[in-house]
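Visitor: Give me a model of this one.
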Amino acid sequence: MGDPWRIGLLLGAVANLANAAWMLVDPAGWYLYLPAAVPDTGPFNAHFVRDVGSAFAVMGLALAFGALRPALRVPSLAFASGFYVLHALVHVADTAAGRLPASHWWIDLPGVYVPALVMLGVTALAARTAPRNPA
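Guide: Numbers count the residues shown, from 1 in each chain. Below you'll find the model as predicted:
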(Lines give C-alpha, C1' and ligand atoms only; values in the text may rest on other atoms or scores of the structure.)
Protein backbone atom coordinates (compact mmCIF):
# COMPACT_ATOMS: atom_id res chain seq x y z
CA MET A 1 0.00 0.00 0.00
CA GLY A 2 2.89 2.38 0.58
CA ASP A 3 4.19 4.52 3.37
CA PRO A 4 1.20 5.86 5.35
CA TRP A 5 3.26 8.85 6.50
CA ARG A 6 4.05 9.76 2.90
CA ILE A 7 0.42 9.41 1.84
CA GLY A 8 -0.92 11.43 4.78
CA LEU A 9 1.62 14.20 4.42
CA LEU A 10 1.05 14.42 0.68
CA LEU A 11 -2.70 14.73 1.29
CA GLY A 12 -2.02 17.50 3.80
CA ALA A 13 0.33 19.17 1.33
CA VAL A 14 -2.28 19.07 -1.43
CA ALA A 15 -4.98 20.49 0.87
CA ASN A 16 -2.73 23.36 2.00
CA LEU A 17 -1.51 24.08 -1.53
CA ALA A 18 -5.08 24.03 -2.90
CA ASN A 19 -6.21 26.52 -0.25
CA ALA A 20 -3.14 28.64 -0.95
CA ALA A 21 -3.82 28.63 -4.69
CA TRP A 22 -7.42 29.73 -4.14
CA MET A 23 -6.30 32.51 -1.80
CA LEU A 24 -3.57 33.71 -4.16
CA VAL A 25 -5.55 33.50 -7.42
CA ASP A 26 -9.04 34.52 -6.24
CA PRO A 27 -8.80 36.25 -2.86
CA ALA A 28 -12.28 37.78 -3.15
CA GLY A 29 -13.83 34.41 -3.98
CA TRP A 30 -12.01 32.79 -1.05
CA TYR A 31 -13.16 35.57 1.29
CA LEU A 32 -16.78 35.31 0.21
CA TYR A 33 -17.23 31.59 -0.43
CA LEU A 34 -15.08 29.73 2.09
CA PRO A 35 -17.71 28.21 4.38
CA ALA A 36 -16.19 29.76 7.50
CA ALA A 37 -17.92 33.15 7.77
CA VAL A 38 -14.67 34.93 6.88
CA PRO A 39 -16.47 38.29 6.40
CA ASP A 40 -17.10 38.27 10.18
CA THR A 41 -13.36 38.90 10.64
CA GLY A 42 -13.44 42.32 8.96
CA PRO A 43 -13.58 44.00 5.59
CA PHE A 44 -12.08 42.29 2.56
CA ASN A 45 -8.39 42.96 2.00
CA ALA A 46 -6.97 41.16 -1.05
CA HIS A 47 -3.38 41.80 0.04
CA PHE A 48 -3.97 40.25 3.45
CA VAL A 49 -5.73 37.19 1.98
CA ARG A 50 -2.75 36.69 -0.34
CA ASP A 51 -0.33 37.10 2.58
CA VAL A 52 -2.08 34.30 4.47
CA GLY A 53 -2.29 32.29 1.24
CA SER A 54 1.50 32.53 1.06
CA ALA A 55 1.72 31.02 4.56
CA PHE A 56 -0.52 28.13 3.48
CA ALA A 57 1.72 27.60 0.44
CA VAL A 58 4.80 27.37 2.67
CA MET A 59 3.03 24.87 4.92
CA GLY A 60 2.00 22.80 1.92
CA LEU A 61 5.59 22.75 0.66
CA ALA A 62 6.90 21.84 4.12
CA LEU A 63 4.50 18.90 4.30
CA ALA A 64 5.49 17.82 0.78
CA PHE A 65 9.17 17.88 1.75
CA GLY A 66 8.32 15.86 4.85
CA ALA A 67 6.45 13.35 2.72
CA LEU A 68 9.34 12.91 0.32
CA ARG A 69 12.22 13.13 2.81
CA PRO A 70 11.57 11.07 5.96
CA ALA A 71 14.37 12.84 7.83
CA LEU A 72 12.43 16.10 7.43
CA ARG A 73 9.06 14.77 8.63
CA VAL A 74 9.21 15.89 12.23
CA PRO A 75 10.62 19.37 11.52
CA SER A 76 8.16 19.85 8.64
CA LEU A 77 5.24 18.85 10.83
CA ALA A 78 6.50 21.03 13.68
CA PHE A 79 6.59 24.13 11.47
CA ALA A 80 3.17 23.45 9.97
CA SER A 81 1.75 22.72 13.44
CA GLY A 82 3.18 25.99 14.71
CA PHE A 83 1.14 27.94 12.19
CA TYR A 84 -2.02 25.93 12.81
CA VAL A 85 -1.78 26.35 16.59
CA LEU A 86 -1.00 30.06 16.45
CA HIS A 87 -3.84 30.54 13.96
CA ALA A 88 -6.22 28.73 16.33
CA LEU A 89 -5.05 30.84 19.27
CA VAL A 90 -5.80 34.03 17.30
CA HIS A 91 -9.33 32.72 16.71
CA VAL A 92 -9.72 31.81 20.39
CA ALA A 93 -8.55 35.27 21.47
CA ASP A 94 -10.77 37.09 18.98
CA THR A 95 -13.85 35.06 19.84
CA ALA A 96 -13.24 35.25 23.60
CA ALA A 97 -12.76 39.03 23.38
CA GLY A 98 -15.96 39.47 21.36
CA ARG A 99 -14.18 40.56 18.17
CA LEU A 100 -15.87 37.60 16.49
CA PRO A 101 -19.44 36.50 17.21
CA ALA A 102 -19.84 33.65 19.69
CA SER A 103 -21.05 31.50 16.81
CA HIS A 104 -17.41 31.26 15.71
CA TRP A 105 -16.68 28.77 18.48
CA TRP A 106 -18.65 26.31 16.32
CA ILE A 107 -17.93 27.80 12.90
CA ASP A 108 -14.17 27.59 13.50
CA LEU A 109 -14.24 24.12 15.06
CA PRO A 110 -13.88 22.07 11.84
CA GLY A 111 -11.55 24.36 9.91
CA VAL A 112 -9.39 25.94 12.62
CA TYR A 113 -9.49 24.11 15.96
CA VAL A 114 -9.67 20.48 14.80
CA PRO A 115 -6.83 20.89 12.27
CA ALA A 116 -4.62 22.47 14.96
CA LEU A 117 -5.29 19.56 17.33
CA VAL A 118 -4.78 16.99 14.57
CA MET A 119 -1.49 18.60 13.54
CA LEU A 120 -0.28 18.59 17.14
CA GLY A 121 -1.20 14.91 17.51
CA VAL A 122 0.38 13.91 14.22
CA THR A 123 3.54 15.86 15.06
CA ALA A 124 3.78 14.20 18.47
CA LEU A 125 3.26 10.77 16.91
CA ALA A 126 5.89 11.43 14.25
CA ALA A 127 8.36 12.61 16.88
CA ARG A 128 7.68 9.58 19.07
CA THR A 129 8.06 7.08 16.22
CA ALA A 130 10.95 8.73 14.34
CA PRO A 131 14.17 6.73 14.18
CA ARG A 132 16.73 7.94 16.71
CA ASN A 133 20.24 8.76 15.65
CA PRO A 134 22.77 7.56 18.22
CA ALA A 135 25.01 10.37 19.50
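Visitor: Contact partners for Asn19?
Guide: 30, 53, 56, 60 (CB atoms under 8 Å, 6 or more residues apart in numbering). (C-beta placed from N, C-alpha, C; glycine too.)
Visitor: secondary structure class for it?
Guide: helix (DSSP: H, G, I helix; E, B strand; the rest coil).
Visitor: Quick check: pLDDT value at it.
Guide: At Asn19, the pLDDT value in this model is 98.
Visitor: And for Phe83?
Guide: pLDDT recorded at Phe83 is 96.
Visitor: just checking, next helix/strand downstream of the helix or strand hosting it?
Guide: Using DSSP states H and E, Phe83 falls within helix 73-96. Note on helix 73-96: by DSSP H and E, the next helix or strand toward the C-terminus is helix 104-108.
Visitor: what's that following helix packed up against?
Guide: helix 73-96 (3 or more CB pairs under 8 Å, 6 or more residues apart in numbering; DSSP states H and E).
Visitor: wait, what's in contact with the residue nearest to the spatial centre of the chain?
Guide: Centroid-nearest residue in the chain, with CA atoms, centre = their mean: Tyr84, separated by 4.7 Å. Contact analysis of Tyr84 by CB under 8 Å, 6+ apart lists 59, 115-116, 119-120.
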